[in-house]
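Undergrad: quick one: sequence plus predicted model below, questions after.
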There are 2 protein chains.
Amino acid sequence: MRLDPDACRQRIGPSGHGVLGSVHAERGVDAVPVVFVIRDERVVIPIDTVKPKSGDRLQRLVNLSADDRCVLLVDHYDDDWSQLWWVRIHGRGHESAPTADQLEALAESFPAYRSRGAVTSAIVMVIDAVTGWSAETDLV
Amino acid sequence: MRLDPDACRQRIGPSGHGVLGSVHAERGVDAVPVVFVIRDERVVIPIDTVKPKSGDRLQRLVNLSADDRCVLLVDHYDDDWSQLWWVRIHGRGHESAPTADQLEALAESFPAYRSRGAVTSAIVMVIDAVTGWSAETDLV
């Protein structure tokens, strides 16, 4: 029922949505929903103008600039618990201007990112560990 | 697009599934998928025998016994981004034997918990703050 790193990669594929957890100095931990693509062994999480945010600077960026440790959880929930699986990526994230290749991958996966200027920045996460779990042991 | 606490409660309802984030001494932050019910201003997250886990003691319990700050994110994703919403609950979580009322609420929401002995323990989270966001501003 544990998934090895290859099986984890297969499950999440080249892009998806998940929850980004980061360290908050006072609250201990923060969590926000994100979309992502994986390119060249890095998780690329766009900062965009499409889904409006509150506040001047995103708290996730404030958190990562103080402590770069973070986690991305990709969770597949189903009312039928024999279908459950999840993949978790631990790593270190930093804000970074997205490369042309990363922008292209984002636009390919998420139509809203095809407009010029939709992605203004990115959190690029260097992967330290990939773990996962599936209720369907026979499929992996 | 920010949801006030009442609108947040309405969105998540009395039970659901989400991601629990906790503080990990070395990795900074952990995240695991969970199901929950909300009873008497507390989030009740079952520890069960239904979804097999790895290891002798759940890491989420190790984390919370060292630092009780945690977060529960309930994320509604949709390929149509006008349908996105999420609710986030910050609080402090402790392992606790579930009460008869909590066990009943869990069994009502999750059929797998109707078998005797399915829920062995619980993380009970005292709520400090509830925040949320919705792309559909007109509905709230």
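TA: Received, thanks.

Undergrad: where does chain A dip in pLDDT?
TA: Low-confidence segments of chain A, defined by pLDDT under 70, span residues A:52-56, A:137-140.

Undergrad: and the longest strand for chain A?
TA: Across chain A, the strand with the greatest residue count (assigned by DSSP state E) is strand A:119-134.

Undergrad: helices or strands up against that one?
TA: With contacts defined as 3 or more C-beta pairs under 8 Å, 6 or more residues apart in numbering or on different chains; DSSP states H and E, strand A:119-134 has these neighbours: strand A:2-3, helix A:5-12, strand A:42-48, helix A:59-66, strand A:85-96, helix A:100-109. Glycine gets a C-beta too; all of them are placed from N, C-alpha and C.

Undergrad: among the ones you listed, which comes closest to chain B?
TA: Comparing the helices and strands packed on strand A:119-134 against chain B with C-beta to the nearest C-beta, the closest turns out to be strand A:85-96 (5.2 Å).

Undergrad: tell me the buried residues in the closest one?
TA: Of all the residues in strand A:85-96, those buried under the rule 16 or more other C-beta atoms under 10 Å in any protein chain shown are A:85-91, A:93.

Undergrad: and chain A, which residues reach chain B?
TA: With C-beta under 8 Å from any C-beta of the partner chain as the criterion, chain A comes near chain B at residues A:1-2, A:17, A:19, A:21-23, A:27-33, A:50-52, A:54, A:67, A:69-73, A:75, A:77, A:81, A:84, A:86, A:88, A:90, A:112, A:133, A:135.

Undergrad: partner strands of the longest strand of chain A, with direction?
TA: Strand A:119-134 has the following sheet partners, assigned by DSSP bridges: strand A:2-3 (antiparallel), strand A:42-48 (antiparallel), strand A:85-96 (antiparallel).

Undergrad: between helix A:59-66 and that strand, find me the angle.
TA: In this structure, strand A:119-134 runs at an angle of 80 degrees to helix A:59-66, with axes from the mean of the first three to the mean of the last three C-alpha atoms, to 10 degrees as the basis.

Undergrad: how about strand A:119-134: buried residues?
TA: Buried residues in strand A:119-134 (16+ other C-beta under 10 Å): A:119, A:122-125, A:130, A:132-134.

Undergrad: and if you look at stretch A:69-81?
TA: Quick answer for stretch A:69-81 (16+ other C-beta under 10 Å): A:69-75.

Undergrad: picking up where we left off before, closest to B:Leu61 out of the buried residues of strand A:119-134?
TA: Using C-beta to C-beta, A:Trp133 is the member of the buried residues of strand A:119-134 that lies nearest B:Leu61, at 16.8 Å.

Undergrad: show me what the closest one bridges to in the sheet.
TA: Each beta-bridge partner of A:Trp133 is listed here, defined by DSSP bridges: A:Arg2, A:Trp86.

Undergrad: do A:Glu95 as well
TA: According to DSSP bridges, beta-bridge pairing links A:Glu95 with A:Ile123.

Undergrad: next: A:Ala31.
TA: Bridge pairing for A:Ala31 (DSSP bridges) gives the partners A:Gly21.

Undergrad: now do the contacts for it.
TA: Contacts for A:Ala31 (C-beta atoms under 8 Å, 6 or more residues apart in numbering or on different chains) come out as A:19-21, B:19, B:21, B:31, B:71-73, B:88.

Undergrad: against B:Phe110, how distant is it?
TA: Applying C-beta to C-beta, to the nearest Å, one obtains 22 Å for the distance of A:Ala31 from B:Phe110.

Undergrad: so A:Asp79 belongs to a strand, correct?
TA: No: residue assignment for A:Asp79, taken from DSSP: H, G, I helix; E, B strand; the rest coil, gives coil, which places it outside any strand.

Undergrad: need the phi and psi values for it.
TA: Backbone geometry at A:Asp79, expressed as degrees, to the nearest 10, gives phi -60, psi -30.

Undergrad: gap between it and A:Asp68?
TA: 37 Å.

Undergrad: for the closest residue to A:Ile47 other than its chain neighbours, which residues are in contact?
TA: Nearest residue to A:Ile47, sequence neighbours excluded (C-beta to C-beta, 6 or more residues apart in numbering or on different chains): A:Ser121, at 4.0 Å. Taking C-beta under 8 Å, 6+ apart, we find A:Ser121 in contact with A:46-47, A:95-98.

Undergrad: between these, which is closest to A:Arg39?
TA: Within the set of the contacts of A:Ser121, A:Pro98 lies nearest A:Arg39; the separation is 9.7 Å, counting by C-beta to C-beta.
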